[in-house]
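Enquirer: Quick one, fold the following:
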Amino acid sequence: MPYYDHYTTRPRNSLGVRVKLWQARQMFALGVPKVEGRQATVLEIGPGDGYIAEIASAQDDYYAVEASATIAESLRRRGYRVHQAFVPPLPADPVTIDACFALHVIEHMKGLEPAMEFVGAVRDRLSPKGRLIIATPDLSRWKTHFYDCDHTHVLPFTARSLRQLLGAAGMKVRYENLYVGPIFGYWGVPFAWLASLLFTPTVDDLLRRLLPGDIASRAFFTILPNLLVVAERDDA
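Expert: Alright, predicted model coming up:
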């Protein structure tokens, strides 16, 4: 998948790395349940730069599934257990999952059917206290930027439609919120709204020509609101 090979070699800036690690820590604290007498089993779909992997591997039993062979190999060299494949289906291991992270993954799935298959497969493997953690752009606030920021974005969700998908797959929502950059909750929404007023298509056109690496739009997309949902089995 050449797009993601490009993504893994794209330069990172120190501020962006700190924001991503902060986000990962907050999501990890929300998503991983306490289990008695053993390590939690954590599965991550699309581990990317390995922020969740870094946190989970220090204390839990961590597995990952990554579609990009380049990213998978990079993470394996860092000592993480990574299966290279597309999801769905899930790999055979782990059989039981305490926490499954799918952070900015579901919007890349090729329609509702594979998304339903994925959520259903995770549900069937969750432990009684197990959780599925999903982060995805909020279409109601991203609007056309959902498609503009990434040509592999194909399946958009609002909070309502994501909740409906989870319910149809036998899951119930335990926690639901927005996050804007490092800000969790609705405090960041006014900043995103103001940025949307200022970052017009004309401004985008000008800055894309003046600044290297499309850095202005990358910064703008970082502060658009994302959905964060933690779900558990409906019979839990």
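
Enquirer: So A99 sits against L43, correct?
Expert: Yes: at 7.4 Å, A99 and L43 qualify as touching, with contact defined as C-beta atoms under 8 Å. Just so you know, the C-beta spots here come from the backbone N, C-alpha and C atoms, and that holds for glycine as well.

Enquirer: After the lengthiest helix in the chain, which helix or strand is next?
Expert: Once the chain is assigned using DSSP state H, the helix that runs over the most residues is helix 14-31. Read in the C-terminal direction, the helix or strand following helix 14-31 is strand 41-45, with elements assigned using DSSP states H and E.

Enquirer: and that next one, how far from the chain's centre?
Expert: Computed by C-alpha atoms, centre = their mean, to the nearest Å, the separation of strand 41-45 from the middle of its chain amounts to 12 Å.

Enquirer: List of residues touching whatever helix or strand comes next after it?
Expert: Note on strand 41-45: by DSSP H and E, the next helix or strand toward the C-terminus is helix 51-57. Around helix 51-57, the neighbours that count as contacts under C-beta atoms under 8 Å, 6 or more residues apart in numbering are 20-21, 23-25, 27-28, 32, 42, 44, 47, 62, 64, 75, 78-80, 101, 103.

Enquirer: Turn the buried ones among the residues you listed into a named PyMOL selection, would you?
Expert: In PyMOL, selecting the buried portion of these, with burial taken from 16 or more other C-beta atoms under 10 Å, looks like this:
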select buried, resi 20+21+23+24+27+28+32+42+44+47+62+64+75+80+101+103
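
Enquirer: okay, which residue is most central for this protein?
Expert: By C-alpha atoms, centre = their mean, the mean C-alpha position of the chain lies nearest to L103, the distance being 1.2 Å.

Enquirer: Now the biggest strand by length in the chain - C-alpha only, CSV.
Expert: When secondary structure is assigned using DSSP state E, the longest strand within the chain turns out to be strand 126-137. Coordinates of each C-alpha in strand 126-137 appear next as CSV, following Å, rounded to 0.1, in the frame of the first residue of the first chain:
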residue,chain,number,x,y,z
LEU,A,126,-14.1,-9.6,23.9
SER,A,127,-13.7,-10.8,27.5
PRO,A,128,-16.7,-10.1,29.8
LYS,A,129,-15.2,-6.7,30.7
GLY,A,130,-13.6,-6.2,27.3
ARG,A,131,-13.8,-2.9,25.4
LEU,A,132,-13.6,-1.7,21.8
ILE,A,133,-12.1,1.8,21.4
ILE,A,134,-12.8,3.6,18.2
ALA,A,135,-11.6,7.1,17.1
THR,A,136,-12.7,8.5,13.8
PRO,A,137,-13.3,12.0,12.3
